[in-house]
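> Take a look and give me a structure for this.
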Amino acid sequence: MEYQTTCQSCGMYMPETKLHGKNADGSISDDYCCHCYPEGSFNNPNETLDEMVKSCAPFLIGAGVCDDLETAKKMLHEQLPTLKRWGQKN
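Okay, the predicted model is just below:
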C-alpha cells in the first residue's frame, strides 16, 4: 500500500510507516503523522493554523531547512494552507 509522504497537518516528511499516525481502529493513517494524529484523532483538535506554524517553525530550523524563525514561519504560512487539514479552513 502506498502512503502519503507528507503529513497533511504539519507538513512533516514521512518516508516510513512508523512515522504515520494511527486511525481509531489501529490501522496506519494515510494522511497524518504520529505527532499530529497518534490514536485516531488530532493531538490538538482545536489548534489554529497560526498555532501550528508557531509550534512547527523551530523544527524547520533544527532540521537545517531554515536559518531563522521568521523564514521558517513564512515558509509554513505558505505550505500549510495547501494541506488537507488546513485547506478546508482557508
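> The biggest helix by length in the chain packs against which elements?
Looking only at the chain and at elements set by DSSP state H, the helix with the highest residue count is helix 49-62. With contacts defined as 3 or more C-beta pairs under 8 Å, 6 or more residues apart in numbering; DSSP states H and E, helix 49-62 has these neighbours: helix 69-79. No exception for glycine: its C-beta is placed from N, CA and C like everyone else's.
> what does the longest helix of the chain rub up against?
Outside helix 49-62, the residues that touch it by C-beta atoms under 8 Å, 6 or more residues apart in numbering are 9-12, 44, 47, 66-69, 72-73, 75-77, 80-81, 86, 89-90.
> Stretch 12-29 now?
Residues outside stretch 12-29 that contact it (C-beta under 8 Å, 6+ apart) are 3-7, 30, 32-41, 59.
> So which of those residues sit within strands?
30, 32, 33 (DSSP state E).
> would CSV of the residues you listed with distance to residue 55 be doable?
As requested, those are exported to CSV (distance: C-beta to C-beta, whole Å):
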residue, distance to residue 55
30, 23
32, 15
33, 13
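> Compare the residues you listed and tell me which has the most neighbours.
residue 32 (27 neighbours; other C-beta atoms under 10 Å).
> Nearest residue to it in space, please, no chain neighbours.
By the measure of C-beta to C-beta, 6 or more residues apart in numbering, the closest residue to residue 32 outside its immediate chain neighbours is residue 21, 4.4 Å from it.
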